[in-house]
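Colleague: next one to model:
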Amino acid sequence: MLRLILLRHAKAATQASGSDAERPLTQRGRHEALRVGDDLAGLGLFPDLAVTSTAKRTRETLELALETFGEPCPVAAEPRLYLAELPTLLDMLHHLPPFVQLLLAVGHNPGFHDFALMMAGQGDPLTRARLEAGFPTAAFAVIDFAATNWSDVQPGTGVLDRFVTPGDPA
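Modeller: A predicted model of the protein is given here:
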């Protein structure tokens, strides 16, 4: 089984000066990112690899989330994840190294929301309905695939295991 965690970056500052890619997390976003790390660790979701967009807000989200893990995790910055669309995200999955059984990807909307909906063909209907309603900052979706190679993963073949948002009870 392969497992994918799609994590939308935590709350970022509004663009005041500089580029969109350089927007940092707000104080609320920093707290959200730490909680994500606690949530992932509490669920035993320790990735074999974490990939992040090159945007500052995604890199900060991942860095803070990993602080609470207590276990090292290889990290890769992936420029293609910055505001990635569906074909790019699927291509990224198809080219993952074989040692990756659990991938944590940190990126952006609308791509991550659309990708989660496209990949998860099965799962609890209530969880699916929550995902369909939106993918807020610092939310993550966990999608399982009955495959042994990422190149075999196709749209609609995943099972939505869970969808966690910052508004969920701790």
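
Colleague: give the other helices and strands that the top helix by length along the chain contacts.
Modeller: Longest helix in the chain, counting residues (DSSP state H): helix 27-42. Applying 3 or more CB pairs under 8 Å, 6 or more residues apart in numbering; DSSP states H and E, one finds that helix 27-42 contacts helix 56-67, strand 140-145. (Each C-beta comes from the backbone N, C-alpha and C, glycine too.)

Colleague: buried residues in the longest one, which are they?
Modeller: Buried positions in helix 56-67, judged by neighbour count with 16 or more other CB atoms under 10 Å: Lys56, Arg57, Thr58, Arg59, Glu60, Thr61, Leu62, Glu63, Leu64, Ala65, Leu66.

Colleague: now do the helix or strand just after that helix: which elements does it pack against?
Modeller: Where DSSP states H and E defines the elements, the next helix or strand beyond helix 56-67 is strand 75-77. Under the contact definition 3+ CB pairs under 8 Å, 6+ apart, strand 75-77 sits against strand 49-52, helix 56-67.

Colleague: please list the outside residues in contact with the shortest one.
Modeller: Spelled out, it's strand 49-52. Residues from elsewhere that reach strand 49-52, judged by CB atoms under 8 Å, 6 or more residues apart in numbering: 58-59, 61-62, 66, 73-78, 81, 92, 96-97, 99-100, 103-107.

Colleague: which of those count as buried?
Modeller: For those, buried by 16+ other CB under 10 Å: 58-59, 61-62, 66, 75, 77-78, 81, 92, 96, 100, 103-107.

Colleague: and Leu96, what does it touch?
Modeller: Contacts of Leu96 by CB under 8 Å, 6+ apart are Leu49, Leu103, Trp150.
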